[in-house]
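K.L.:
I need the structure of the sequence given here:
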Amino acid sequence: MTATAELDRRRKAAIIVRALLEQDGLPPLVGLPEDTQAELARELASLRLVDRATLHAVAAEFADHLEGLGIAAPGGLDSALGALGGRISPGVAARLKAEEARRRGADPWAALAALPAAPLARALEAESVEVAAVALSKLPVALAAEVLGLLPGERARRVAFAVSRTGGVGADAVRRIGEALAGALCEVAPPAFPKPAGERVGAILNAAGARRREEVLGALASEDEGFAAEVRRAIFTFAHVPARLKATDVPRVLRVVETRAIAAALLHAEAQGGAEAEAGAFVLGSVSQRMAESLREEMREMGPLRKGEGEAAQAALVAAIRDRVEAGEVQLNEVEE
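P.N.:
Numbers count the residues shown, from 1 in each chain. So this is what the prediction gives:
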């Protein structure tokens, strides 16, 4: 072949695809219609020798064509979600899929099956036991089990028993229940706060001084012991390090904290005694002897700490631990009740 004028569009496309394949730069073709994929494969099968001049001419024509385009975006929600990848939360993606299913008049239970367990459980708590039983009967088994596990104990038992009485519910009633639940759940606005109140208060108290933290916890306990316990589970201070952090993870955390801050945190812990001193000893015992001796030397040379410097250093170390947890590099031990 020597002239591109003799080539039709299918043959030119095959040449471009072949060139991209050899450079390992071909994007997935599954988004193309199946007939187009088949035609392209047949053209590739019939392709023989292509000289360099023809290849360059076809590539130049293809590049000129691309420059004249704006954005090529395949339509459809699935394509949009695929392009977004993991850039939106799984909950939003599930809700969008459920909304799309409703718009197409699809089975409402298929739309509900695309939702996470937590919003389903919240919705079923507000419904009658009978409606909840129908919902559990229609949802996929794994999802239904997860939803049941999120319901309060007594209600979960009543709903599970009511499932045995759903045999007489008609198909129309089941569909209406599904449509009502799908309509309510797909129109629910996302929560203003992504984390529970206990976690938010715990995060605030993590950054507060020890005296203020205990004052607030005491006041919470006098008003609502359950909520106070939830907040305590969310609190993670320097004194909690031995119980929550694996010794093997300590060096990984310390790598991202300034040496002076580590030494100040340890010096303050030593001065406080008790659980904080134990946490300091745990940190020193979890690093190499060389690093431990270097930190002790830094502590000896620091002298008296400025007011608040020790607590600020400990807060920085705890923040570094939480950052490593968020990044998936470190996993905290569970709090024992």
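K.L.:
Give me the residues contacting the helix or strand containing residue 162.
P.N.:
For residue 162, the element it lies in under DSSP states H and E is helix 153-163. Applying Cβ atoms under 8 Å, 6 or more residues apart in numbering, the contact partners of helix 153-163 are 124-125, 129-130, 132-133, 136-137, 148-149, 151. (Each C-beta comes from the backbone N, C-alpha and C, glycine too.)
K.L.:
which of the residues you listed are buried?
P.N.:
Buried by 16 or more other Cβ atoms under 10 Å: 124, 129-130, 132-133, 136-137, 148, 151, out of the contacts of helix 153-163.
K.L.:
Could you tell me which of those residues belong to helices?
P.N.:
The members of the buried ones among the contacts of helix 153-163 that map onto helices under DSSP state H are 124, 129-130, 132-133, 136-137, 148.
K.L.:
tell me which of those is nearest to residue 118?
P.N.:
In terms of Cβ to Cβ, no member of these lies closer to residue 118 than residue 124, at 11.0 Å.
K.L.:
need the contact list for that closest one.
P.N.:
131-132, 135-136, 147, 151, 159.
K.L.:
Among those, which one lies nearest to residue 216?
P.N.:
Taking these together and measuring to residue 216 by Cβ to Cβ, the closest member is residue 151, at 31.2 Å.
K.L.:
Do a quick rundown of the helices in the stretch 151-300 of the chain.
P.N.:
153-163, 171-186, 197-206, 210-223, 225-234, 241-244, 250-254, 259-272, 274-285, 289-302 (DSSP state H, counting those that start in this stretch).
K.L.:
out of those helices, which comes closest to residue 310?
P.N.:
That would be, of the helices of the stretch 151-300 of the chain and by Cβ to Cβ, helix 259-272, which comes in at 2.5 Å.
K.L.:
now that closest one: how far from the chain's centre is it?
P.N.:
34 Å (Cα atoms, centre = their mean, to the nearest Å).
K.L.:
how big is the angle separating it from helix 289-302?
P.N.:
70 degrees (axes from the mean of the first three to the mean of the last three Cα atoms, to 10 degrees).
K.L.:
rewinding a little: tell me the buried residues in the helix holding residue 162?
P.N.:
By neighbour count on 16+ other Cβ under 10 Å, the buried set for helix 153-163 is 156, 159, 162-163.
K.L.:
likewise stretch 107-116?
P.N.:
107-115.
K.L.:
Same check on stretch 35-44?
P.N.:
Buried residues in stretch 35-44 (16+ other Cβ under 10 Å): 40, 43.
K.L.:
In CSV, list the C-alpha atoms belonging to it.
P.N.:
Output in CSV follows, covering the C-alpha atoms of stretch 35-44 (Å, rounded to 0.1, in the frame of the first residue of the first chain):
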residue,chain,number,x,y,z
ASP,A,35,-20.9,-4.9,15.4
THR,A,36,-18.2,-2.3,15.2
GLN,A,37,-15.9,-4.4,17.3
ALA,A,38,-16.5,-7.4,15.0
GLU,A,39,-15.9,-5.3,11.8
LEU,A,40,-12.6,-4.0,13.3
ALA,A,41,-11.4,-7.5,14.2
ARG,A,42,-12.1,-8.7,10.7
GLU,A,43,-10.2,-5.8,9.2
LEU,A,44,-7.3,-6.5,11.5
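K.L.:
quick one: low-confidence ranges for the chain?
P.N.:
Within the chain, the ranges that satisfy pLDDT under 70 run 1-5, 25-27, 30-31, 66-95, 97-106, 186-194, 335-337.
K.L.:
Spell out which residues make up each domain of it.
P.N.:
4-67, 90-186, 195-231, 236-337 (automatic domain parsing).
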